[in-house]
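Undergrad: okay, structure incoming, though there's no sequence with it:
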């Protein structure tokens, strides 16, 4: 965990870590399938605590899952655009916000927490085909990420795999704290 007073890692450090964690498109696809399966399972197991704020977190499992799926939906659509020959309109390059050393969700990804597990599972299932595509590195087709700078499709997928894992593990830790093993 990042110390509250520590500077967040640089864009280059974050990108290097993602590339080391998911070195090839083939490895990424395999690991993305596993992460998506694991998120599916944790959403199902979170149902009894769906609207309970998790210890040490600001969000409920419903919010954590919804945020993850919103990010994955957007990332998947963006990757498809980047893999096409369509023009890519770049967004304003507004850096993301950190608070106490932690990334803050951009306003368009802040969850409502009002969706049922079944609704989110359906949306989650629809992202699988968007996120498990072969994307070669292509520095000519990039899109700005608020915390990591311009990324190509492969790096966007790496980021999606990482954030899926990160939020799934946060839900798992929250569930373990809410319902400790005997």
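TA: On my side now, so go ahead. Here the structure is a predicted model, which is why all the values come from computation and not from measurement.
Undergrad: can you map out the helices along this structure?
TA: 11-21, 25-46, 61-83, 117-131, 153-178 (DSSP state H).
Undergrad: what's the closest of these to residue 111?
TA: Proximity to residue 111, assessed across those by Cβ to Cβ, is greatest for helix 61-83 (3.8 Å). C-beta here means a position set from N, CA and C on the backbone, and glycine is covered the same way.
Undergrad: elements contacting that closest one?
TA: Using 3 or more Cβ pairs under 8 Å, 6 or more residues apart in numbering; DSSP states H and E, the elements in contact with helix 61-83 are helix 25-46, helix 117-131, strand 142-145, helix 153-178.
Undergrad: winner for burial among these?
TA: helix 153-178 (a mean of 20; mean count of other Cβ atoms under 10 Å).
Undergrad: how far away from the center of its chain is it?
TA: Counting by Cα atoms, centre = their mean, to the nearest Å, helix 153-178 is centred 6 Å from the centre of its parent chain.
Undergrad: over to stretch 72-84?
TA: That offset, for stretch 72-84, works out to 13 Å (Cα atoms, centre = their mean).
Undergrad: same check on stretch 131-151?
TA: 14 Å.
Undergrad: what sits up against it?
TA: Residues outside stretch 131-151 that contact it (Cβ atoms under 8 Å, 6 or more residues apart in numbering): 8, 11, 14-15, 25-26, 29, 32-33, 36, 72, 75-76, 78-80, 82-83, 88, 90-91, 93-96, 103, 106, 152-157, 159-161.
Undergrad: would a markdown table of the helices of the chain with distance to residue 138 be doable?
TA: Output for the helices of the chain, formatted as a markdown table (distance: least, Cβ to Cβ, whole Å):
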| stretch | distance to residue 138 |
| --- | --- |
| helix 11-21 | 14 |
| helix 25-46 | 11 |
| helix 61-83 | 7 |
| helix 117-131 | 17 |
| helix 153-178 | 7 |
